[in-house]
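Asks: Generate a structure from the sequence data that follows.
(one chain, ligands or ions: 1)
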Amino acid sequence: MQSKNKPLPPKRVKSKKSEPKDDSIRLNKFIAESGYCSRRKADEFIAEGAVKVNKKVVTELGTKVHPGDIVTVKGDPVSLQLHNIYIALNKPKNIITTTSDELGRKTVLDIVKKHSRIFPVGRLDRNTTGIILLTNDGEFAYRLTHPKFRVMREYHVKLDKQLKVEDAEKIVVGVELEDGKTAPCELFINPEDHSKVAITLTEGKNHEVKRIFEHFNYEVKQLDRKMFAGITTKGLAKGEYRHLSRKELQQLKKMLGLPF
Ligand code: URA
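Replies: Coordinates of the predicted model:
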């Protein structure tokens, strides 16, 4: 038995530089951990030549990659360091903002169908067009939709008639709806056509835009969400989607108080 008083042998202190950390990971695991699909499915994609690593097709199943490598599956970037998926879609008309529809109508996930585990962040009405985010990150989605985070959303609205300045003045200070007063908002009237307005809200109540205008007897003829949380439809035609950039995600997470 070792005496309590006997000095312990000196600890070997390893130099960090001497053994570089092996952060490589099998390609199928990389793809699966990005949330794109299962490992088995990833193997199938690899075998059929649908996977590229740093722009080169890779068909070797045991291939290892590093977190910084650019991996695409059928042209879609998959990224390990984020683990989660963050997509911005410019929703067309007649698309439902749910993960499935019992009546068989087309949903936003039918457009972005490669990522089965993602879900839309909040809702847009069936006939509303514009930006909708989709993710598999529950906390991110929760914060984006919670009124306390005051996430800005800008809508372009076409009304059935010209908006009266006196009604606009009431809208910007808040309107008493059946579920409470709306928060103050910004509103711009198109000087050439007073039935076209841009409204920026920070709450996200159900059908909020339509209910605000209906309160003053206007009918919303067209509704297009141009911006949500700083993400705009710019560069995205209706029905097109893209992955958020690292920079966008960093900014959004900072805004929401989430680690990046
Ligand atoms: N407000 C609405 O009335 N509809 C939407 O789709 C979004 C906001």
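Asks: tell me the pLDDT at the nearest residue to Phe119 once chain neighbours are set aside?
Replies: Leaving aside its chain neighbours, Phe119 sits nearest to Thr99 (5.3 Å; criterion: C-beta to C-beta, 6 or more residues apart in numbering). No exception for glycine: its C-beta is placed from N, CA and C like everyone else's. You'll see Thr99 listed with a pLDDT of 81.
Asks: Report how many residues lie close to Leu144.
Replies: For Leu144, the count of nearby residues is 21 (other C-beta atoms under 10 Å).
Asks: my guess is it meets Met255, correct?
Replies: No. Leu144 is beyond contact range of Met255, at 9.3 Å (criterion: C-beta atoms under 8 Å).
Asks: what's the overlap in contacts for those two?
Replies: Common neighbours of Leu144 and Met255 (criterion: C-beta atoms under 8 Å, 6 or more residues apart in numbering): Ala229.
Asks: Would you map the helices across the stretch 151-260 of the chain?
Replies: 165-173, 208-215, 246-256 (DSSP state H, counting those that start in this stretch).
Asks: what kind of secondary structure is the residue nearest to Phe119 in?
Replies: coil (DSSP: H, G, I helix; E, B strand; the rest coil).
Asks: Can you show me the strands along the stretch 51-200 of the chain?
Replies: 51-53, 56-57, 64-65, 71-73, 76-78, 86-91, 119-120, 129-135, 153-159, 176-177, 180-181, 186-189, 196-201 (DSSP state E, counting those that start in this stretch).
Asks: Of all these, which one comes closest to the ligand?
Replies: The closest of these to the ligand is strand 153-159. By C-beta to the nearest ligand atom, the value is 6.4 Å.
Asks: buried set for stretch 189-208?
Replies: For stretch 189-208, a neighbour-count test (16 or more other C-beta atoms under 10 Å) marks 189, 196-199, 201, 203-204, 208 as buried.
Asks: meant to ask about stretch 128-147
Replies: Buried residues in stretch 128-147 (16+ other C-beta under 10 Å): 128-137, 140-141, 143-145.
Asks: likewise stretch 252-260?
Replies: Under 16+ other C-beta under 10 Å, the buried positions of stretch 252-260 are 252-253, 255-256.
Asks: which residues are in contact with it?
Replies: By C-beta under 8 Å, 6+ apart, the list of residues contacting stretch 252-260 reads 139-140, 143-144, 149, 229-231, 244, 249-250.
Asks: let's see 10 Å
Replies: With C-beta atoms under 10 Å, 6 or more residues apart in numbering as the test, stretch 252-260 has contacts from 81-82, 86, 133, 137, 139-140, 142-144, 146, 149-152, 229-231, 244, 246, 249-251.
Asks: What of stretch 178-187?
Replies: Contacts of stretch 178-187 (C-beta under 10 Å, 6+ apart): 147, 150, 152-154, 157, 163, 167-169, 171-176, 197-203, 205-206, 208-209, 211-212, 215.
Asks: That stretch vs the ligand: in contact?
Replies: No. Using C-beta under 6 Å from any ligand atom, stretch 178-187 stays clear of the ligand, with a minimum separation of 10.9 Å.
Asks: for that stretch, how far is the first residue from the last?
Replies: The first and last residues of stretch 178-187 sit 22 Å apart, counting by C-alpha to C-alpha, to the nearest Å.
Asks: next one: stretch 51-63
Replies: Stretch 51-63: ends 11 Å apart by C-alpha to C-alpha.
Asks: can you tell me the average pLDDT over it?
Replies: pLDDT averaged over stretch 51-63 gives 93.
Asks: cool, stretch 66-80 as well?
Replies: The pLDDT scores in stretch 66-80 average 81.
Asks: do stretch 121-140 as well
Replies: The pLDDT scores in stretch 121-140 average 93.
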